[in-house]
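J.: Build me a structure from this.
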Amino acid sequence: MRTNELIANLDKLHTTEMGITRIKRNLSLDTDNVVSWCREKITDPESLIFRKGKNWYINAEDCQITVNAHSYTIITAHKFGSASIKTPKGIRF
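T.: Next up, the predicted model:
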């Protein structure tokens, strides 16, 4: 498993009620534990984690998860093909 700041602070990972609603809607998830679902994606060895500015981006399977780098708040997630997906230019691990 990769070692980086995000992985080292997974215990701080959280989201808001609005974040839960937004992530479930954007990814069509059928789970009540969005944080655990995202944590699994983040720790998947096949996921690409990169930081751009104030956010971490996790490209996992068919989606991208956005996490604030300072508060470890899961901000949103989108399926690939969405216009809001970031590209990993300037990757920082």
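J.: any idea what sits nearest I20, other than its immediate chain neighbours?
T.: V34 (4.9 Å; C-beta to C-beta, 6 or more residues apart in numbering). Heads up, the C-betas are built off the backbone N, CA and C, glycines and all.
J.: cool, and L13?
T.: L13 sits nearest to Y72 (C-beta to C-beta, 6+ apart), 5.1 Å away.
J.: So that neighbour versus G53, what's the distance?
T.: 15 Å (C-beta to C-beta, to the nearest Å).
J.: the more surrounded of those two?
T.: Y72 (17 against 10; other C-beta atoms under 10 Å).
J.: tell me the pLDDT at the more buried one?
T.: pLDDT recorded at Y72 is 98.
J.: Relative to the helix or strand where I65 lies, what are the paired strands and their orientations?
T.: In this assignment (DSSP states H and E), I65 forms part of strand 63-68. Here strand 63-68 has these sheet partners by DSSP bridges: strand 55-60 (antiparallel), strand 74-79 (antiparallel).
J.: The residue nearest the centre of the chain: what's it in contact with?
T.: For the chain, I65 is the residue whose C-alpha lies nearest the centre (C-alpha atoms, centre = their mean; 2.7 Å). Applying C-beta atoms under 8 Å, 6 or more residues apart in numbering, one finds that I65 lies in contact with I23, C38, K41, I42, Y57, I58, I74, T76, A77.
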